[in-house]
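Engineer: Quick one, what's the 3D model for this:
(one chain, ligands or ions: 1)
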Amino acid sequence: MQISESKRLFAHAKNFIPGGVNSPVRAFRAVGGEPIFIKKADGAFLHDEDGNSFIELINSWGPMILGHNHPMIREAVLEAMENGTSFGAPTGREVEIAELIVSMVPSVEKVRMVNSGTEATMSAIRVARGYTGRDKFIKMEGHYHGHGDSFLIAAGSGAITMGHPDSPGVTEGTAKDTLLAPYNDLDAIENLVAANDGKIAALILEPVPGNMGLCLPNPGYLQGLRDICTREGIVLIFDEVMTGFRLARGGAQELFGVIPDMTTLGKIIGGGMPVGAYGGKKEIMEFVSPAGPVYQAGTLSGNPIAMAAGLTMLKYLNTHPDVYSRLSEIGIQIASGIASINEKLGLDFTINQIGSMYSLFFTSEDVVDFESAKTSDTNLFGKYFQAMLHRGVYLAPSQYETLFLSTALTDELIGKILLAHEESMKEILN
Ligand code: KE4
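Structural biologist: Alright, predicted model coming up:
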């Protein structure tokens with residue numbers, strides 16, 4: 001595979017951008033080789049600067065649930081551009097998307113638009129602290145809630161991929177208010193609550209975590225968290241930046257029937273443009289300035305171009321619920337196809353899949369939390385990543401990421417993915 005233009009661009013980029021990329025996991029540090037520079041994308045394909053094309057299973061880390069460069073999104077953006085790109089003043093579209101989000105996401109009675117998932121989670125924790133008057137919050141080991149200081153403790157995604165789950169630059173003063181528990185362990189939560197009586201403002205988690213690779217909640221786990229938070233007056237926050245509008249119209253909270261007090265959203269919500277949001281119960285959201293005292297702001301929050309893209313995406317998902325059954329079919333087809341190939345090859349690797357998200361772990365252990373995810377052979381994963389890339393399939397460049405499928409994947413493309421998988425496994429294990 002010819003990648004001279006990507007290599008040239010990467011070498012040049014490193015003169016001006018730390019590590020040559022604007023988000024660490026893109027640098028391929030965990031999988032070897034150098035990043036591919038993308039020129040364009042459409043449907044299920046990425047096309048790089050050297051003319052290579054890839055069937056892709058990241059979809060911009062989630063947003064491209066309908067495939068890349070969807071005509072209806074492109075048209076909506078171009079139409080909005082006619083009227084200008086940013087006003088810094090309220091617009092009708094912001095009201096329309098807020099009303100739609102409230103109608104789609106069960107926990108959201110009021111919502112504030114921001115520009116990223118990180119802004120959403122940072123803001124949600126601040127509001128929960130302002131609402132309860134308490135300082136501490138609980139996060140799960142291996143979960144990733146963006147790069148806000150208080151979340152970069154035992155963080156997943158790029159933080160663990162780069163080997164810095166506890167990032168330098170986060171002060172002791174900040175870290176002391178972040179309490180950690182293993183995912184899928186209710187006893188650990190009870191112990192933290194007992195040891196910090198009346199001091200915990202919030203519990204935030206990825207209800208279906210994708211940032212240590214994909215894990216599933218044990219039966220009753222999410223409801224257990226709900227019950228503890230209700231009993232203790234702790235604000236339960238579902239970080240649905242990944243799962244929101246992906247696992248169901250109303251995200252994981254709709255799928256599992258457990259309703260948090262607040263929800264953070266991102267990725268799909270912007271249709272590929274920079275958008276995040278946080279929302280929840282009216283009585284909590286009324287604490288947000290200017291309605292209440294908790295300050296949060298943003299120059300480009302509710303940007304008209306981003307709102308046009310996001311509104312078009314959400315309107316489609318809201319009126320085409322069949323998308324979710326199709327995405328689940330695709331997820332099951334790929335995961336079961338991989339499982340049967342692995343069985344034929346005598347391989348006992350773990351696959352976790354739900355809807356249009358899945359992860360292949362290079363471990364034979366069940367992967368139910370951060371510790372079990374970390375038993376994976378990340379070197380072997382790196383070889384697999386490169387073998388698949390050279391066969392035209394673009395995966396997330398880290399074992400500690402989930403894959404995101406789109407409706408652009410046809411049966412023919414799924415067949416190509418499974419063929420590439422079989423050939424790659426034979427290559428790396430011989
Ligand atoms: P952003 O600030 O990257 O928009 O969102 C942060 C975030 C918050 N919560 C969850 C559950 C997330 O998955 C994310 C971001 N996800 C990563 C992928 N694991 C973004 C990719 C990257 O960091 O480049």
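Engineer: is stretch 284-301 up against the ligand anywhere?
Structural biologist: No - using CB under 6 Å from any ligand atom, stretch 284-301 stays clear of the ligand, coming no nearer than 12.8 Å. Quick note: C-beta positions are derived from backbone N, CA and C, even for glycine.
Engineer: and Lys136, how many residues sit next to it?
Structural biologist: 18 (other CB atoms under 10 Å).
Engineer: And Met162, by the same measure?
Structural biologist: Neighbours of Met162 (other CB under 10 Å): 16.
Engineer: That one is in contact with Arg26, isn't it?
Structural biologist: No - the pair Met162 / Arg26 is not scored as a contact, 11.4 Å apart, by CB atoms under 8 Å.
Engineer: got the residues of the chain near the ligand?
Structural biologist: Counting by CB under 6 Å from any ligand atom, the chain sits next to the ligand at 23, 25, 61, 116-118, 121, 144-146, 157-158, 206, 211, 239, 241-242, 266, 276, 401.
Engineer: Check the secondary structure at the residue of the stretch 301-430 of the chain found nearest the ligand for me.
Structural biologist: Using CB to the nearest ligand atom, the single residue of the stretch 301-430 of the chain nearest to the ligand is Glu401, 5.3 Å away. State at Glu401, reduced to three classes by DSSP: H, G, I helix; E, B strand; the rest coil: coil.
Engineer: so what's the backbone phi/psi at it?
Structural biologist: phi -140, psi 150 (degrees, to the nearest 10).
Engineer: Would you enumerate the residues in contact with it?
Structural biologist: 25, 58, 61, 157, 161, 210-211, 213, 359 (CB atoms under 8 Å, 6 or more residues apart in numbering).
Engineer: got the contact list for the residue in the stretch 201-350 of the chain positioned nearest to the ligand?
Structural biologist: Closest to the ligand within the stretch 201-350 of the chain is Val241: 3.5 Å, counting by CB to the nearest ligand atom. For Val241, the contacting residues are 62, 117, 120-121, 145-146, 264-267, 276, by CB under 8 Å, 6+ apart.
Engineer: One more: Ser107?
Structural biologist: So Ser107 contacts 238, 253, 259-263, 279-281 (CB under 8 Å, 6+ apart).
Engineer: And for Pro90?
Structural biologist: Gly302.
Engineer: And it, how close does it get to Ile338?
Structural biologist: The gap separating Pro90 from Ile338 is 48 Å, by CB to CB, to the nearest Å.
Engineer: Tell me, what's the model's pLDDT at the closest residue to the ligand within the stretch 51-200 of the chain?
Structural biologist: Relative to the ligand, the nearest point of the stretch 51-200 of the chain is Gly117 (2.4 Å; CB to the nearest ligand atom). In this prediction, Gly117 carries a pLDDT score of 98.
Engineer: For it, give me phi and psi.
Structural biologist: The phi/psi pair for Gly117 (degrees, to the nearest 10) is phi -60, psi -40.
Engineer: Please apply the same query to Ile55.
Structural biologist: phi -70, psi 120.
Engineer: What degree of burial does it show, as a neighbour count?
Structural biologist: As a burial measure, Ile55 scores 21 neighbours (other CB under 10 Å).
Engineer: contacting residues around it?
Structural biologist: Ile55 makes contact with 44-45, 392-394, 409, 413, 416-417 under the criterion CB under 8 Å, 6+ apart.
Engineer: do the same with Met113
Structural biologist: 94, 97-98, 275-277, 301-302, 307.
Engineer: Now the spatially most central residue of the chain: closest residue in space that isn't a chain neighbour?
Structural biologist: Residue closest to the average C-alpha location in the chain (CA atoms, centre = their mean): Met242, at 3.1 Å. Closest residue to Met242 apart from its sequence neighbours, by CB to CB, 6 or more residues apart in numbering: Gly210 at 4.7 Å.
Engineer: my read: the one you found touches Thr402, true?
Structural biologist: Yes - contact criterion CB under 8 Å: Gly210 and Thr402 qualify, at 3.4 Å.
Engineer: Walking through the stretch 251-400 of the chain, point out its strands one by one.
Structural biologist: Counting by DSSP state E, counting those that start in this stretch, one finds strands in the stretch 251-400 of the chain at the ranges 262-265, 276-280, 350-354, 357-361, 393-394.
Engineer: Comparing those, which comes out most buried?
Structural biologist: strand 262-265 (a mean of 30; mean count of other CB atoms under 10 Å).
Engineer: Please put the alpha-carbon coordinates of that one into PDB.
Structural biologist: Output in PDB follows, covering the C-alpha atoms of strand 262-265 (Å, rounded to 0.1, in the frame of the first residue of the first chain):
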ATOM      1  CA  MET A 262     -28.700  14.100  33.700                       C
ATOM      2  CA  THR A 263     -27.400  13.000  30.300                       C
ATOM      3  CA  THR A 264     -24.400  14.200  28.300                       C
ATOM      4  CA  LEU A 265     -24.500  14.000  24.500                       C
END
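Engineer: Return the list of helices and strands in contact with that strand.
Structural biologist: Counting contacts by 3 or more CB pairs under 8 Å, 6 or more residues apart in numbering; DSSP states H and E, strand 262-265 is packed against helix 117-132, strand 235-239, helix 251-256, strand 276-280.
Engineer: Mind listing residues that contact the helix or strand just after the longest one?
Structural biologist: Toward the C-terminus, helix 117-132 is succeeded by strand 136-140 as the next helix or strand (DSSP states H and E). Applying CB under 8 Å, 6+ apart, the contact partners of strand 136-140 are 125, 128-129, 145, 150-151, 153-154, 177-183, 189, 192, 196, 199-206, 209, 234, 369-370.
Engineer: and what of stretch 300-308?
Structural biologist: 76-77, 79-81, 83-87, 90-91, 93-94, 96-97, 112-115, 270, 273-275.
Engineer: Buried ones from those residues, can you make that a ChimeraX selection?
Structural biologist: Here is the ChimeraX command that picks out the buried ones among the contacts of stretch 300-308, judged by 16 or more other CB atoms under 10 Å:
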select :76,77,80,91,93,94,97,112,113,114,115,270,273,274,275
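Engineer: these two touch, right, Asn318 and Arg249?
Structural biologist: Yes - with contact defined as CB under 8 Å, Asn318 reaches Arg249; the gap is 6.1 Å.
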